[in-house]
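Novice: Below: sequence and its predicted model.
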Amino acid sequence: METINPKMLILGREARGLTQAELANQLDRISQANYSRMEKGIINVNEEQISEIANTLNFPLDFFKRPEPKGTQVEYFYRKKATLPKKKQYELEANFNLLRLWLNDMLAEIDIPDFVIPEIEIEHTNTPETIAKRIRIFFGISKGPIDALINVLEKRGIIVYFLSECPDKFDGTTIITAAGTRVIVVNGKMPNYRKRFTIAHELCHIICHIPFSDTDPYRNVENEANRFASEFLMPADECISDLYRLTYSKLTDLKNYWNVSKSAIIRRASDLGCITKDKYTHLMIELSRYNERKSEKTDVPLDEPKILKKMVDSYLNDMGYTKDELMKSLTINEEDFSRFLVRDNVRRLQIAI
């Protein structure tokens with residue numbers, strides 16, 4: 001009889017986007033009723049049964065013998081920027097947990113920069129804007145736009161990760177490994193201007209919300225994170241002179257300078273009182289007229305995440321692991337290894353392996 005962790009049965013199934021009924025329909029030896037009992041730990045799973053489950057879900061057999069990934073669920077509260085169907089939500093969160101699982105394993109033997117970012121609660125004079133200003137100073141960011149945004153965070157122990165297979169409604173979230181490493185997960189399909197804002201938004205959650213479990217549940221933490229991100233990327237005292245007498249023709253130059261979207265510039269001008277409500281509405285109508293409301297025609301630069309690439313590279317080169325050995329140690333198949341740890345995040349490494 002195989003010793004199987006029922007929690008890993010659930011994780012594997014949800015990560016593949018399947019309900020119990022959908023999985024049972026693909027299995028020859030297991031009914032839905034019995035599979036449900038297996039996930040609850042009521043009945044044991046024999047060798048033939050777990051082999052069939054592993055083959056159907058495309059996970060190594062040892063994956064189902066692992067303890068479930070440890071971490072906090074608090075970060076998921078901040079992810080829900082749009083309504084997702086429950087099934088898609090479970091699949092997305094299962095993929096977060098897969099990533100957490102494999103990063104936990106790799107970080108057990110690989111050192112990355114220590115997390116050295118202050119945790120500051122939003123209260124009284126500590127507004128999102130004042131905290132954003134303090135964090136820019138703490139990071140040693142000079143005046144003007146932030147050029148290497150991802151590098152700024154990764155040097156201080158935050159992993160930035162692009163997840164390319166995810167719902168369009170998902171922008172980003174923060175997951176936390178068992179050792180406390182913060183990982184900002186961003187929809188890799190988004191344009192860079194949305195990635196940049198999402199990364200800054202999640203940075204606010206890391207600094208101002210996640211550390212404080214007693215945060216008032218009725219506070220609008222998403223609005224606070226948006227205010228932080230706006231100030232972090234476009235400090236008011238530096239951009240305000242550019243936003244008076246704002247016209248549509250000026251948006252392209254401002255976008256290219258600040259590396260944010262045109263819609264973010266319009267919103268910033270409105271929030272800072274540089275344009276009237278009517279002017280804001282007019283500019284947003286202009287965005288729609290030029291078909292740039294949902295997706296703007298040009299993008300902005302954004303540096304690539306590097307920590308994960310260096311972690312994989314360290315195993316394969318410095319520590320002398322073969323690709324097969326690394327996959328076996330992580331209990332990951334080749335498809336997931338490419339999808340989660342290589343292709344989407346360290347594209348250049350494909351040639352080396």
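Specialist: Looks like it came in fine. This structure is a prediction, so every number in the text was calculated from the model and none was measured.

Novice: Kindly format the C-alpha coordinates of stretch 177-197 as PDB.
Specialist: These are the backbone C-alpha positions of stretch 177-197, laid out as PDB (Å, rounded to 0.1, in the frame of the first residue of the first chain):
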ATOM      1  CA  THR A 177       7.300  30.500   1.100                       C
ATOM      2  CA  ALA A 178       7.800  28.500   4.300                       C
ATOM      3  CA  ALA A 179      11.000  30.400   5.000                       C
ATOM      4  CA  GLY A 180       9.300  33.700   4.500                       C
ATOM      5  CA  THR A 181      10.500  34.600   1.100                       C
ATOM      6  CA  ARG A 182       8.100  37.000  -0.600                       C
ATOM      7  CA  VAL A 183       7.300  36.200  -4.200                       C
ATOM      8  CA  ILE A 184       5.400  38.700  -6.400                       C
ATOM      9  CA  VAL A 185       3.500  36.700  -9.000                       C
ATOM     10  CA  VAL A 186       2.400  38.700 -12.000                       C
ATOM     11  CA  ASN A 187       0.300  37.800 -15.100                       C
ATOM     12  CA  GLY A 188       3.000  37.300 -17.700                       C
ATOM     13  CA  LYS A 189       0.600  38.100 -20.500                       C
ATOM     14  CA  MET A 190       0.100  41.700 -19.400                       C
ATOM     15  CA  PRO A 191       1.900  44.500 -21.100                       C
ATOM     16  CA  ASN A 192       4.900  45.900 -19.200                       C
ATOM     17  CA  TYR A 193       3.000  49.100 -18.100                       C
ATOM     18  CA  ARG A 194       0.500  46.900 -16.300                       C
ATOM     19  CA  LYS A 195       3.200  44.700 -14.900                       C
ATOM     20  CA  ARG A 196       5.100  47.700 -13.500                       C
ATOM     21  CA  PHE A 197       2.000  49.000 -11.700                       C
END
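
Novice: mind giving me the domain split of this protein?
Specialist: 1-68, 69-237, 307-352 (automatic domain parsing).

Novice: ok, now how distant is residue 42 from residue 34?
Specialist: 9 Å (Cβ to Cβ, to the nearest Å). Just so you know, the C-beta spots here come from the backbone N, C-alpha and C atoms, and that holds for glycine as well.

Novice: Looking at those two, which is more packed in?
Specialist: Neighbours were counted for residue 42 and for residue 34 using other Cβ atoms under 10 Å; residue 34 has more, 15 against 10.

Novice: what are the ranges of the strands in this structure?
Specialist: Assigned strands in the chain, in chain order: 159-163, 172-176, 182-187 (criterion: DSSP state E).

Novice: Please render those strands as JSON lines that adds mean neighbour count and mean pLDDT to the earlier fields.
Specialist: As requested, the strands of the chain are exported to JSON lines (neighbours: other Cβ atoms under 10 Å; pLDDT from 0 to 100):
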{"stretch": "strand 159-163", "mean neighbour count": "23", "mean pLDDT": "96"}
{"stretch": "strand 172-176", "mean neighbour count": "23", "mean pLDDT": "93"}
{"stretch": "strand 182-187", "mean neighbour count": "24", "mean pLDDT": "96"}
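
Novice: Out of those strands, the one nearest residue 204 is which?
Specialist: When the strands of the chain are ranked by distance to residue 204, counting by Cβ to Cβ, first place goes to strand 172-176 at 10.0 Å.

Novice: Mind giving me the packing neighbours of that closest one?
Specialist: Helices and strands touching strand 172-176, as assessed by 3 or more Cβ pairs under 8 Å, 6 or more residues apart in numbering; DSSP states H and E, comprise helix 86-107, strand 182-187, helix 192-204.

Novice: Would you reformat those as JSON lines and include distance to residue 14?
Specialist: Rendered in JSON lines, the data for the helices and strands packed on strand 172-176 read as follows (distance: least, Cβ to Cβ, whole Å):
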{"stretch": "helix 86-107", "distance to residue 14": "4"}
{"stretch": "strand 182-187", "distance to residue 14": "16"}
{"stretch": "helix 192-204", "distance to residue 14": "23"}
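
Novice: which one of the ones you listed lies closest to residue 318?
Specialist: Comparison of these against residue 318 by Cβ to Cβ identifies helix 86-107 as nearest, at 12.8 Å.

Novice: what comes up buried for that closest one?
Specialist: Residues of helix 86-107 classed as buried by neighbour count (16 or more other Cβ atoms under 10 Å): 89-107.

Novice: For that helix, output the C-alpha coordinates as CSV.
Specialist: What follows is helix 86-107 as a C-alpha-only set of coordinates in CSV (Å, rounded to 0.1, in the frame of the first residue of the first chain):
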residue,chain,number,x,y,z
LYS,A,86,-14.6,29.2,-8.4
LYS,A,87,-13.0,26.5,-10.5
LYS,A,88,-10.6,28.9,-12.1
GLN,A,89,-9.8,30.4,-8.7
TYR,A,90,-9.0,27.0,-7.2
GLU,A,91,-6.8,26.2,-10.3
LEU,A,92,-4.9,29.5,-9.9
GLU,A,93,-4.3,29.1,-6.2
ALA,A,94,-3.2,25.5,-6.8
ASN,A,95,-0.6,26.8,-9.2
PHE,A,96,0.5,29.3,-6.6
ASN,A,97,1.0,26.4,-4.2
LEU,A,98,2.9,24.4,-6.8
LEU,A,99,5.3,27.3,-7.2
ARG,A,100,5.6,27.7,-3.5
LEU,A,101,6.3,24.0,-3.1
TRP,A,102,9.2,24.0,-5.7
LEU,A,103,10.6,27.3,-4.5
ASN,A,104,10.6,26.0,-1.0
ASP,A,105,12.7,23.0,-2.1
MET,A,106,15.2,25.1,-4.1
LEU,A,107,15.6,27.8,-1.5
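
Novice: Give the rounded mean pLDDT of it.
Specialist: Throughout helix 86-107, pLDDT has a mean value of 93.
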